[in-house]
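**Q** fold the following for me, if possible:
(chains A and B)
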2 protein chains.
Amino acid sequence: MGQERSQASAILTRLVQMEVRPGRPRDNTAFMLDAIRRAQADNVELVVFPEMAIPGYLLGDEWEYAGYLRECEACGREILAASQSLIVVFGNVAIDWARRNEDGRPRKYNALFVAEDGQFKGPAGSPYPFVIKTLMPNYREFDDSRHFHDLRKLALEENRPLSDLLTPVHTRRLKLGCFLCEDAWDADYAYSPLEILSRHPVDCFINISASPFTFNKNHKRNRVFSAQAVRLKRPLLYVNQVGLQNNGKTVFTFDGRSCIYDSHGRFLDAGEPFAVTEQTVRIPLETGAAFGTGNDLRQDSVADLYQAIEYGTRMFMRQCGVRRVVIGVSGGIDSAVVAALYRRILDPKDLLLVNMPGTFTSGTTRNLSRQLVAALGCPYAEIPIPDSVTLTRSQVDGLKVASLDGHIQETLKLSGLGVENVQARDRSSRILAAVASAFGGVFTCNANKSEVTVGYTTLYGDLGGYLANIADLWKTEVYALAAYLNDTVYQSTVIPQGIFDVTPSAELSPAQNVDEGKGDPIRYHYHDCLFASWVERWNRACPEDILDWYHKGTLEQELKWNGRIADPFPTPADFIADLERWWNQFQGMGVAKRIQAPPVLAVKRRAFGFDFRESQMGPRYTAAYERLKQTLLTGG
Amino acid sequence: MGQERSQASAILTRLVQMEVRPGRPRDNTAFMLDAIRRAQADNVELVVFPEMAIPGYLLGDEWEYAGYLRECEACGREILAASQSLIVVFGNVAIDWARRNEDGRPRKYNALFVAEDGQFKGPAGSPYPFVIKTLMPNYREFDDSRHFHDLRKLALEENRPLSDLLTPVHTRRLKLGCFLCEDAWDADYAYSPLEILSRHPVDCFINISASPFTFNKNHKRNRVFSAQAVRLKRPLLYVNQVGLQNNGKTVFTFDGRSCIYDSHGRFLDAGEPFAVTEQTVRIPLETGAAFGTGNDLRQDSVADLYQAIEYGTRMFMRQCGVRRVVIGVSGGIDSAVVAALYRRILDPKDLLLVNMPGTFTSGTTRNLSRQLVAALGCPYAEIPIPDSVTLTRSQVDGLKVASLDGHIQETLKLSGLGVENVQARDRSSRILAAVASAFGGVFTCNANKSEVTVGYTTLYGDLGGYLANIADLWKTEVYALAAYLNDTVYQSTVIPQGIFDVTPSAELSPAQNVDEGKGDPIRYHYHDCLFASWVERWNRACPEDILDWYHKGTLEQELKWNGRIADPFPTPADFIADLERWWNQFQGMGVAKRIQAPPVLAVKRRAFGFDFRESQMGPRYTAAYERLKQTLLTGG
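**A** Next up is the predicted model:
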């Protein structure tokens, strides 16, 4: 290493945790230009914006419109022109119109730009005046390799070692170790961009990110980034977006939580969660400088889930231009939680709660609905469904259908389950959709993740709605959120205790009579843990694994379930029947229903839709499962 | 090149164009073992199966279940054990349990295995006894980098040139140049696997594929592969799957069309489209051997679309266990085509056609429905909706809603558009869903791509259904398919001429009276071409491009529209108003509706869903568009 670090002893830095509006480069650029002017007025030396600050990040295939790319390029030039008397670091898409991506479309990079006094400064060895993202996330909701050429591919194409292209950016005063989001999360890659950068003198490392909120991700990020800063012996900046972006089926919040790490592994929070902030810090550059104030590795809690859901719901409404909302309230916990959430966002006059009693609706749940409505102070309507259900039955059940020549004749027969679904569809597709239209708003989907996993919902019925904002929460998490709403958010019992106590039930048949303690077939405490192992574990469990754990006696521990499996299921036959019942639903009708489900607001790893991708293939079991099942059933 | 080609003069080869059942490795393996036994009995020397023959290819995130991977591995070992006295080439997932993918999960390769006498034969320089896919498609429906580590990444990780790892496979008798699917489509990549392989002596090149049907893809494939064979001066085998696989939102057929190319650019068809075939060919290996019988570069036609849709629908029904189907027939072209398609698949007794007249339904379309029903010979029912629509209006329109304390009061009012949607939802979610349940089947979605593009459909109404099998066809293509059904498939007018002639209309209001020639606001001949430029062009056009073409007078030519734009839109203001109307719908409610739409059967480039990925961001225009619009509107 021939070169020394710069002699600067500190740098007045501003971290701009901005809301990036996806698909709105001009809005984002206008905000950035204002922020740059403010920074100039305050004599800030370095201003840092997030990854993809201009275009947004989760845009679907919007990247295929050349007009969009030209607009983002033009916006980048505006930022460049404004970069007088300070250094501006920001993320944008970079286009090389002369080269092709591997899909034949114009070459695109996910890039970090450093602008200083009207000039872009790139890494010394790079053919481009910008920093290119090296590591491409292609898991969960991320599709980076679909759209962007990464630095590894470029190095191969140029026939040069990656380390030639990945060097610090030298500005007049500073040597900056610049990298993007995933580049810091190198544990599972063959390359460490940070290790390569750190072969050179660097004053300060800068990670710009577009990292959606996921339960407990910040905990992990603080561990990873603190350790990196300690190893690098330099300050490390992390600047993340706030806002809301979506991939159609799945909606993600960005929580910001920008942060500066010192080489002692301590950090300085530089952005409140889910808030637009501009934090200004004089970052000391002497080796070993200590400026961090904490190293709190707090785990997320229900408070974080609440915050993400409240923010995500509010931002999604703004995104879609929704100002008024209709919620079907049943007297159960899910619709109560959804109603209490919306009541934090909307004036009571803009939130209409509707109870739709049917033949099997109990006085118990009707009263609970009214108690909820009274506590929330919203307008309310009771719209009964029996007349319509009777009409539908009279039109369909017993209907004679025949070919015109009379050769084929058949009489239709509605089953009990068929009539249950008629009721559910009547509520949503007939009443709620019409009421939402007449109220000038939308209606919500109140489904939880437990139901959605096993398709315990009716398509065009309770699975309808413009957004499913609690569909990434297991039923047990919905109860926890309900308690948090009462205890902390409202500090008042807006959700009546009776709603916590009543048996969860669809009330669509006499077999679901809550007054007799009858209701859903799902044992939520156990099944939530079981379903989570199929969906949310990083290395997902299939029935073969479940049966193996059961056989070895480690099931409770593997599922983190606080119970004893022999209590609900005394015999292997009972256990296996239950397992197969729900697995068949999960891989069968569950998938079919999720394909037509509303967008899910993601708050955890593996939300249904674009995070957890599925194919409709019907229920499947491995040969190893079948063998183990035989062993267990024959007591072998 | 120290080595010579083998001395074999010909090789008795069998191309097994098998149906790969996704997620069913044991079924696929059982078929393969049978095929191997047949090949052994026939003294075949080389038997070739498609890419991913054991696991299937489009599986969503099924690859995350270790149990699934273990099962596929075990199946591969069964094939290996069976490979006595011949060479077996097949595709499977290969797992290196000791290494990690970049997502932290077990390392997976999309691999080609060569088994001979119970031994796997790999490329000389590779650390693995199998061939690894080098080029990863990450466009359209493909997500290869999400699941599979490619050979380029492995070469980097091993710090060796790609050419070390990518060499022919030497069996006892033959030197095989083996590669997988995308590896042959190298035009937009920095590497050509075929060029690297061809540096060595090779007797024969083998490409195994899992390539879904796309209109006109075979035409391009024959051009590309013929040219490769000419350049390589060797025979080139192409073995593709048949069957049906899906990515949830989008359903793909695999058409097979396996083929052998000789070094003169001529080829031998070795697999009928959409059929399970085993073609046995003695392939001559002398340099310059000519065995191809044709070089027909036929473009696809409506016949190919029909075949793909009929096959895809039939296979999707089997996949989902659907045996009976209900179709709402309106007297319009879309439902008529869907009904005529299903009638090719089902006994008339299993296909129920339902007409649901409303207040605005004409005698014209009711009669046309009956004519269609008579021609198809299916059972039929007329189920009117006015009673239910009246009930819904009476329950919602004018309903007084109020908070329980009376502070908030409001009277609901259903708009005209609201009442239109009530009718559409009543038909699908109330009647068809109940009828399908009572008939023991499903109901169909008859939407076409023109409507789906601009959201000219009702959610939970005509956009409901278990499968949208013509939703990848523009309205003009639906008419062409209707004519093909009459002229060629049925050779009889099953779709009455009146259905071709009647004005396309939803018949939901007096403004849509077909007897007065009133109907849909879409001018299909022009708008289909316009919408296709937004959706189906590889480099998609946005309003900025459209306006630029309009301004330059090249619009008709760019859109391939056989008309004059000044006819429907005499002034720039007219043209722009129309453009923005539909673009707003496309990027606005259109997206919201597609998110909850049924699976679309893909037959062309860019089917909605997983091929064409979208984010809900609201309508957007670039600054360049706004400037050009001003110029045009002010006559500047």
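
**Q** and A:Ala115, helix, strand or coil?
**A** The three-state assignment at A:Ala115 reads strand, by DSSP: H, G, I helix; E, B strand; the rest coil.

**Q** that one contacts A:Val88, correct?
**A** Yes. Assessed by CB atoms under 8 Å, A:Ala115 is found in contact with A:Val88 at 4.5 Å. The way it works is simple: take the backbone N, C-alpha and C, and place the C-beta from them, glycine included.

**Q** what residues are shared contacts of those two?
**A** A:Ile79 (CB atoms under 8 Å, 6 or more residues apart in numbering or on different chains).

**Q** report the contact partners of A:Gln423.
**A** A:358, A:385, A:389, A:461, A:508.

**Q** and the second one, how far from A:Thr364?
**A** Read it as A:Ile385. Computed as CB to CB, to the nearest Å, the A:Ile385 to A:Thr364 distance reads 18 Å.

**Q** over to the first one?
**A** Taking CB to CB as the measure, A:Gly358 falls 14 Å from A:Thr364.

**Q** and what of the third one?
**A** Relative to A:Thr364, A:Val389 is positioned 21 Å away (CB to CB).

**Q** out of those two, which sits in the busier spot?
**A** Using other CB atoms under 10 Å in any protein chain shown, the more surrounded residue of A:Val389 and A:Thr364 is A:Val389, with 21 against 18.

**Q** where does A:Ser126 sit: helix, strand or coil?
**A** coil.

**Q** now A:Leu12
**A** Classified using three-state DSSP, A:Leu12 is strand.

**Q** which residues does it contact?
**A** Neighbours of A:Leu12 in contact, by CB under 8 Å, 6+ apart: A:43-46, A:280-282.

**Q** and the top helix by length along chain A, what does it pack against?
**A** Ranked by number of residues, the top helix in chain A under DSSP state H is helix A:302-320. Using 3 or more CB pairs under 8 Å, 6 or more residues apart in numbering or on different chains; DSSP states H and E, the elements in contact with helix A:302-320 are strand A:242-246, strand A:250-255, helix A:333-343, helix A:475-484, strand A:600-602.

**Q** of those, which is nearest chain B?
**A** Between chain B and those, the tightest spacing by CB to the nearest CB is seen for strand A:242-246, at 5.3 Å.

**Q** now the angle from the closest one to strand A:250-255?
**A** 170 degrees (axes from the mean of the first three to the mean of the last three CA atoms, to 10 degrees).

**Q** now do strand A:242-246, average pLDDT.
**A** For strand A:242-246, the mean per-residue pLDDT is 98.

**Q** off-centre distance for it?
**A** 9 Å (CA atoms, centre = their mean, to the nearest Å).

**Q** and for stretch A:395-411?
**A** The answer for stretch A:395-411 is 48 Å, by CA atoms, centre = their mean.

**Q** so does it get close to chain B?
**A** Yes. Applying CB under 8 Å from any CB of the partner chain, one finds stretch A:395-411 in contact with chain B at A:395-397, A:399, A:401-405, A:407-410.

**Q** toward the C-terminus, what is the element adjacent to the longest helix of chain A?
**A** strand A:325-328 (DSSP states H and E).

**Q** what does that next one contact?
**A** Here strand A:325-328 has contacts from A:317, A:335, A:338-339, A:342, A:346, A:350-356, A:427-428, A:431-432, A:435-436, A:439, A:441-444, A:446, A:462, using CB under 8 Å, 6+ apart.

**Q** that strand: how far from the chain's middle?
**A** 23 Å.

**Q** direction included, what does that strand pair up with?
**A** If you go by DSSP bridges, strand A:325-328 pairs up with strand A:351-355 (parallel), strand A:442-443 (parallel).

**Q** JSON lines for those, including mean neighbour count?
**A** JSON lines is the format used below for the strands paired with strand A:325-328 (neighbours: other CB atoms under 10 Å in any protein chain shown):
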{"stretch": "strand A:351-355", "mean neighbour count": "26"}
{"stretch": "strand A:442-443", "mean neighbour count": "24"}
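
**Q** to B:Arg14, which of those strands lies closest?
**A** strand A:442-443 (57.9 Å; CB to CB).

**Q** next SSE downstream of that closest one?
**A** Heading C-terminal from strand A:442-443 (DSSP H and E), you reach helix A:449-454.

**Q** just the CA trace of stretch A:526-544, in PDB.
**A** Output of stretch A:526-544 as PDB, limited to C-alpha atoms (Å, rounded to 0.1, in the frame of the first residue of the first chain):
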ATOM      1  CA  TYR A 526     -49.500 -25.600  17.800                       C
ATOM      2  CA  HIS A 527     -50.300 -25.100  14.200                       C
ATOM      3  CA  ASP A 528     -48.800 -21.700  14.000                       C
ATOM      4  CA  CYS A 529     -45.500 -23.200  15.000                       C
ATOM      5  CA  LEU A 530     -46.000 -26.100  12.500                       C
ATOM      6  CA  PHE A 531     -46.900 -23.800   9.600                       C
ATOM      7  CA  ALA A 532     -44.000 -21.500  10.400                       C
ATOM      8  CA  SER A 533     -41.600 -24.400  10.000                       C
ATOM      9  CA  TRP A 534     -43.000 -24.900   6.400                       C
ATOM     10  CA  VAL A 535     -42.900 -21.300   5.500                       C
ATOM     11  CA  GLU A 536     -40.600 -19.100   7.600                       C
ATOM     12  CA  ARG A 537     -37.600 -21.300   8.500                       C
ATOM     13  CA  TRP A 538     -34.700 -20.400   6.200                       C
ATOM     14  CA  ASN A 539     -34.200 -24.100   5.500                       C
ATOM     15  CA  ARG A 540     -37.800 -25.000   5.300                       C
ATOM     16  CA  ALA A 541     -39.200 -28.200   6.800                       C
ATOM     17  CA  CYS A 542     -41.400 -30.600   4.800                       C
ATOM     18  CA  PRO A 543     -43.500 -33.500   6.300                       C
ATOM     19  CA  GLU A 544     -40.400 -35.700   6.000                       C
END
